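Enquirer: pasted the sequence and its predicted model underneath.
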2 protein chains.
Amino acid sequence: MDKQAIFDDLKKQILTLQLQPGIALDEASLCKRYEISRTPLREILRALAAEGCVDIVNNRGAYVSSMSHKVLRDFFLTAPMIYSAIGRLAAQNANAQQLAEIRVIQEKFRAAIDSGLSVDMVYWNQRFHASMGEMAENPYLKPSYDRLLIDHARISQTFYRPRDPELAKRMYSALDHHDEMIAAIEAGDGQRVVDLIIEHWELSRDLIEYFVNPDPLAFEMAAATS
Amino acid sequence: MDKQAIFDDLKKQILTLQLQPGIALDEASLCKRYEISRTPLREILRALAAEGCVDIVNNRGAYVSSMSHKVLRDFFLTAPMIYSAIGRLAAQNANAQQLAEIRVIQEKFRAAIDSGLSVDMVYWNQRFHASMGEMAENPYLKPSYDRLLIDHARISQTFYRPRDPELAKRMYSALDHHDEMIAAIEAGDGQRVVDLIIEHWELSRDLIEYFVNPDPLAFEMAAATS
DNA sequence: GTTCGAATAATTGTATACAATACTTATACA
DNA sequence: TGTATAAGTATTGTATACAATTATTCGAAC
């Protein structure tokens, strides 16, 4: 397993919550597990920190980046703007090879949904959107976009309940959005991509809000009667 | 000189073009110069790479990140959006301590303009805008914003001509914008901050365009007569 | 029983030696 | 003279030992 593979492995575990937010990443045990020495491992941890997966505290090691309430708020504030911008640029700049790649990823995502494995769903969904980020090819937006995707994956998973049939239905809606996005990107229709991304975003947002605040009306009524 | 100080020193040299884009950053000579061993120096270089100051190529070392034509285009495309968003958030979130800090920075910028030292102007201007980024306190926008600021500093400096009196005048306009931005942030007037940032941006953009393409009409005429 | 502090253990940070890779130069051959 | 190849040099990547810092444990005093 080379450095890049270890980096990818850790990132995947973080965004699928197999490594939970806030957990300490001890150097010695990771070295043992991946069979490398501390020097390259530390570089990997710092690379993950640069992407926002990991927080490093001086003399106190690395931790999977936490998900505070403020983070959630900033996330909802920022994501639509960056996602839209990336979508428009992707439609303008995508080349044939990138389109071929995203189609492969989309099929993996489809298979993950059919199989019902939530970890795979989260992972391939993330790969789909990361692939759009590559297409946009804008070095200034990319770092923010990647950061948003990491937390989007983790936030979604936090509230995901595999038993809920409503969620399964929505997964297929997301899959349809992806198909339509690919078509719009191929057609170079930036506005259509943006519209789809907004629709896609609202699906995701509603899903999360549903779990964060399942019945806001009940709260209002309780307050009124107190 | 501790690690943070060395990081700051290198970053300052990069954004003031004392270290020019594309130049190789040899580990051995930097170690000698800063009197540290290669391990911490490599971490510094990787931290700079994470901010977009430096590009690292496998087995071939670190280079000051280059400024291609594409970069310039992406920059003009992206900066207004991110700058506006940061400005609005800064007005919403700034606290008293941050306002005190930005005032100190603004005075250093004023002194730099009065002294006519372009390196200091670029540096303190950058620090002013970075300070606004801190106020915005949005972890998703920050990485993109910081990246934009690095190249903004370098692009401005590329086209700066200290002898041109027109430029000196514009510097004082920029200074006034900054003063007004501080006032608007203190008043919590997000829209006013955004308006000022757009005005400020256009000043900067016009300045750069003036040097990139000093007389577009002449070009048109030459084409017409060919 | 609790709290404070010192000793000890564990963990991170740095220096340095060695390994692997890339670059340069010199020489042979066309 | 130009090119290709090989030896040698320089530079980056990794492992490991040591230093510095932080965390834990144990014991003593209150």
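Expert: Cool, got the structure. Quantities reported herein were computed from a predicted structural model and do not represent experimental measurements.

Enquirer: what residue ranges in chain A are flagged as low confidence?
Expert: A:210-226 (pLDDT under 70).

Enquirer: could you pull out the helices for it?
Expert: Under the criterion DSSP state H, chain A contains helices at A:3-15, A:27-34, A:38-51, A:69-93, A:96-115, A:118-136, A:142-159, A:165-186, A:190-212, A:216-225.

Enquirer: check which residues of the fifth one are buried.
Expert: Which is helix A:96-115. Buried positions in helix A:96-115, judged by neighbour count with 16 or more other Cβ atoms under 10 Å in any protein chain shown: A:98, A:101, A:102, A:105, A:106, A:108, A:109, A:110, A:112, A:113. C-betas here are computed from N, CA, C, even on glycine.

Enquirer: alpha carbons only: can I get it in CSV?
Expert: Extracted in CSV, the C-alpha atoms of helix A:96-115 (Å, rounded to 0.1, in the frame of the first residue of the first chain):
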residue,chain,number,x,y,z
ALA,A,96,-14.7,13.3,-23.1
GLN,A,97,-12.4,11.4,-20.7
GLN,A,98,-13.9,13.0,-17.7
LEU,A,99,-17.4,12.2,-18.9
ALA,A,100,-16.4,8.5,-19.4
GLU,A,101,-15.0,8.5,-15.8
ILE,A,102,-18.1,10.0,-14.2
ARG,A,103,-20.3,7.4,-16.0
VAL,A,104,-18.2,4.6,-14.5
ILE,A,105,-18.6,6.2,-11.1
GLN,A,106,-22.3,6.7,-11.6
GLU,A,107,-22.7,2.9,-12.3
LYS,A,108,-20.9,2.1,-9.1
PHE,A,109,-23.2,4.4,-7.3
ARG,A,110,-26.2,2.7,-8.9
ALA,A,111,-24.9,-0.7,-7.8
ALA,A,112,-24.3,0.6,-4.3
ILE,A,113,-28.0,1.8,-4.0
ASP,A,114,-29.3,-1.5,-5.4
SER,A,115,-27.1,-3.4,-2.9
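
Enquirer: picking that back up, and which of the buried residues of helix A:96-115 is nearest chain B?
Expert: residue A:98 (16.3 Å; Cβ to the nearest Cβ).

Enquirer: next up, the contacts around that closest one.
Expert: Shown in contact with residue A:98 (Cβ atoms under 8 Å, 6 or more residues apart in numbering or on different chains): A:131, A:134, A:135.

Enquirer: distance to residue A:142 and neighbour count added to these, as CSV?
Expert: Shown next, in CSV, are the contacts of residue A:98 (distance: Cβ to Cβ, whole Å; neighbours: other Cβ atoms under 10 Å in any protein chain shown):
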residue, distance to residue A:142, neighbour count
A:131, 12, 20
A:134, 8, 15
A:135, 11, 21
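
Enquirer: what is the nearest of those to residue B:146?
Expert: residue A:134 (21.1 Å; Cβ to Cβ).

Enquirer: how near is that closest one to residue A:1?
Expert: Residue A:134 is 24 Å from residue A:1, where distance means Cβ to Cβ, to the nearest Å.

Enquirer: tell me the contacts of the residue in chain A that DNA strand C sits nearest to?
Expert: In chain A, the residue that lies nearest DNA strand C is residue A:61 (2.9 Å; Cβ to the nearest atom of the strand). By Cβ under 8 Å, 6+ apart, the contact list for residue A:61 reads A:24, A:25, A:26, A:27.

Enquirer: where does chain A come near chain B, residue by residue?
Expert: Chain A has residues A:39, A:42-43, A:46-47, A:49-50, A:52, A:71, A:74-75, A:77-79, A:81-82, A:85, A:138-144, A:147-148, A:151 near chain B, with proximity defined as Cβ under 8 Å from any Cβ of the partner chain.

Enquirer: number of nearby residues for the residue nearest to residue A:137 when sequence neighbours are not counted?
Expert: Nearest residue to residue A:137 in three dimensions, chain neighbours excluded: residue A:93, at 5.1 Å (Cβ to Cβ, 6 or more residues apart in numbering or on different chains). By the criterion of other Cβ atoms under 10 Å in any protein chain shown, residue A:93 has 16 neighbours.

Enquirer: dump the residue contacts of residue A:93.
Expert: Residues counted as contacts of residue A:93 (Cβ under 8 Å, 6+ apart) are A:135, A:136, A:137.

Enquirer: hang on, the earlier thing: could you list which of the residues of chain A next to chain B also contact DNA strand D?
Expert: When those are checked against DNA strand D using Cβ under 7 Å from any atom of the strand, the ones in range are A:39, A:43.

Enquirer: with only the CA atoms kept, save stretch A:31-41 in CSV.
Expert: Taking C-alpha atoms only, stretch A:31-41 is exported to CSV below (Å, rounded to 0.1, in the frame of the first residue of the first chain):
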residue,chain,number,x,y,z
CYS,A,31,2.2,3.1,11.3
LYS,A,32,1.8,-0.5,12.5
ARG,A,33,-1.4,-1.0,10.6
TYR,A,34,-0.2,0.4,7.3
GLU,A,35,3.4,-0.8,7.8
ILE,A,36,5.2,2.5,7.2
SER,A,37,7.3,4.6,9.4
ARG,A,38,6.2,7.8,11.1
THR,A,39,7.7,10.3,8.7
PRO,A,40,5.5,9.5,5.7
LEU,A,41,2.5,8.8,7.9
